[in-house]
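Undergrad: This is the structure alone, sequence omitted:
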């Protein structure tokens, strides 16, 4: 039966009800998607100044001039994409490995201080980013003098607490008996992790990889702070340059925005299940 | 034999210790260096007039300055207004959408989930760029064309203090509900069918099921979304920075942006650190009251 009564006597009123709901959902979906649709459509416009720009909601013609304009705008347009890939890939790999290790330890191993350490980690998730941003900047830029390096872009995100928490939540459901049986057989912890835990945790690792890659790819603030030359910027920071240098060229801006979003859209549509699963993990189970 | 086994097992379990620490080592080092150390340093910097070579201790001056700074209060008020306009509305909207998705088949549900989640996949910068164009002050701007249909004259959406805040709020309404919808839907699907069956036997209407089953069941989820939503909203920075820069006349200066400007535009690190700690205190206080008031009768 469920929340909705699907045993409505006449078929007509069932159709009417579902039709009404679908219409409302579709309208809201249209409003949600509109900015993205608009971004893609306008990116195919000609790279003319805003005043002369004539746009329509249905593209009259498709031109790639604005994309050319975007890539010719700066000698480093390709570097931005390359940097984003390098940074996001490194952060993803290190998070998947180290967060899975730590999550496993917190979920299934026994060692002194585990409870307190985990509580401290959890508690730190409540601290606003503004608190750490100034000292972290001073640490990386003034003390380590790492400004404008990949190290500065990658290191602070090498493994995040949220990911550890996600893994721990997931691993709580792996039965302890498997691990104990392996131990009795004389299997060492690294072996247990590698041969038993990792194969059982493929789902959570996939979720982790996707969410981490997305966050790293879309991050604007930190790369913006620690880079100061065009060749070290990521695509998100590059986009910002572009906007402030050329506030009046909308179509190339849209081309840039589309370029920065398309890799994520492709990833999303091919791995949708993991994306949507990942969002709810940790939030619902509590 | 049995005794020997337990003894062996116990030995093995104890030897977790070394490996346990090894497994969390990298995470712990990263956490100490990039979270714990900065937090402690934030307290130290907040008591200083920070200079890269030789800071001077100034006591609580940075805090006192913040309290007497009109802009700090204005930023706090702006942030509060933004939070009150966006968070409850977004939660309500997500709840309604999640409920409306429920009667359909799994496949239809997934399609809608994907569509609603899509804006969350695009980067904040690219969305900001699009919305900048939607709010273009020229007559050709989409927002202006839309209100033009209702006979409202051209607006300078982001450039006038009357509409700038509303523009940011509107953007939030239309682009930040994807996550909440998916979380609500997961919670809705976890409600056992027997509750509805029992209600049906008692002849409950749809609204009664909503009132007596769904809403109480979703209360922990709502609290979670509310607390995380408020925490997120109080730290909002990116849209204000990219879309309005805090203007016009500081109408959209949020606390997050104010702290950023103090630190990285004026290089007043001490003041920025003090304000970030005040922000943390405000967030902690609000979260505490949310749990206190709404979390009373929740069983976890």
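TA: All right, it came through fine. What you see is a predicted model; the values in this text were computed from it and never measured. Numbers count the residues shown, from 1 in each chain, chains lettered A, B, ... in the order given.
Undergrad: Tell me the pLDDT of the residue nearest to residue A:249 when sequence neighbours are not counted.
TA: Once flanking residues are discounted, residue A:249 sits nearest to residue A:47: 5.9 Å by Cβ to Cβ, 6 or more residues apart in numbering or on different chains. Using the backbone N, CA and C atoms, a C-beta is placed for each residue, glycine as well. The predicted structure scores residue A:47 at 77 on the pLDDT scale.
Undergrad: Does residue A:47 touch residue A:252 like I think?
TA: Yes: between residue A:47 and residue A:252 there is a contact at 4.9 Å, judged by Cβ atoms under 8 Å.
Undergrad: joint contacts of those two?
TA: Common contact partners of residue A:47 and residue A:252 (Cβ atoms under 8 Å, 6 or more residues apart in numbering or on different chains): A:66, A:69.
Undergrad: and the stretch 201-300 of chain B, which of its residues are near chain A?
TA: Taking Cβ under 8 Å from any Cβ of the partner chain as the measure of proximity, the stretch 201-300 of chain B contacts chain A at B:206, B:209-210, B:213-214, B:220-221, B:224, B:231, B:234-235, B:237-238, B:242, B:255-256, B:259-260, B:263-264, B:269, B:272-273, B:275-277, B:279-280, B:283-284, B:287, B:300.
Undergrad: Derive a PyMOL selection command for the buried subset of those.
TA: The following PyMOL line selects those of those that are buried, judged by 16 or more other Cβ atoms under 10 Å in any protein chain shown:
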select buried, chain B and resi 209+213+214+220+221+224+231+234+235+237+238+242+255+256+259+260+263+264+269+272+273+275+276+277+279+280+283+287
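Undergrad: Tell me which entries of the residues of the stretch 201-300 of chain B next to chain A lie within helices.
TA: Among these, the ones falling in helices (DSSP state H) are B:206, B:209, B:220-221, B:224, B:231, B:234, B:238, B:255-256, B:259-260, B:263-264, B:269, B:272-273, B:275-277, B:279-280, B:283-284, B:287.
Undergrad: Output the longest helix belonging to chain B.
TA: helix B:70-101.
Undergrad: For the residue nearest to residue A:249, list the residues it contacts.
TA: Taking Cβ under 8 Å, 6+ apart as the test, what residue A:47 contacts is A:65-66, A:69, A:249, A:251-252.
Undergrad: hmm, which of those residues are the buried ones?
TA: Among those, those classed as buried by 16+ other Cβ under 10 Å are A:66, A:69, A:249, A:251-252.
Undergrad: where's the dip in pLDDT among those residues?
TA: Least confident by pLDDT among the buried ones among the contacts of residue A:47: that is residue A:249, with 77.
Undergrad: So for the closest residue to chain B within the stretch 51-200 of chain A, what's the pLDDT?
TA: Residue nearest to chain B within the stretch 51-200 of chain A: residue A:111 (3.2 Å; Cβ to the nearest Cβ). pLDDT recorded at residue A:111 is 89.
Undergrad: How about whichever residue of the stretch 201-300 of chain B sits closest to chain A: what's its closest non-neighbour residue?
TA: Nearest to chain A, among the residues of the stretch 201-300 of chain B, is residue B:276, at 4.0 Å (Cβ to the nearest Cβ). Counting by Cβ to Cβ, 6+ apart, the nearest residue to residue B:276 once its immediate chain neighbours are dropped is residue A:130, at 4.0 Å.
Undergrad: For the chain, just list every one of the strands.
TA: Here I'm looking at chain A. Taking DSSP state E, chain A contains no strands at all.
Undergrad: The chain in question should be chain B.
TA: Assigned by DSSP E, the strands in chain B fall at B:48-49, B:56-57.
Undergrad: The ones you listed: which one's closest to chain A?
TA: If you check each of the strands of chain B against chain A by Cβ to the nearest Cβ, strand B:48-49 wins as the nearest, at 11.2 Å.
Undergrad: ok, and the helix or strand in chain B with the lowest average confidence?
TA: Lowest mean confidence among the helices and strands of chain B (mean pLDDT, DSSP states H and E): helix B:2-14, at a mean of 53.
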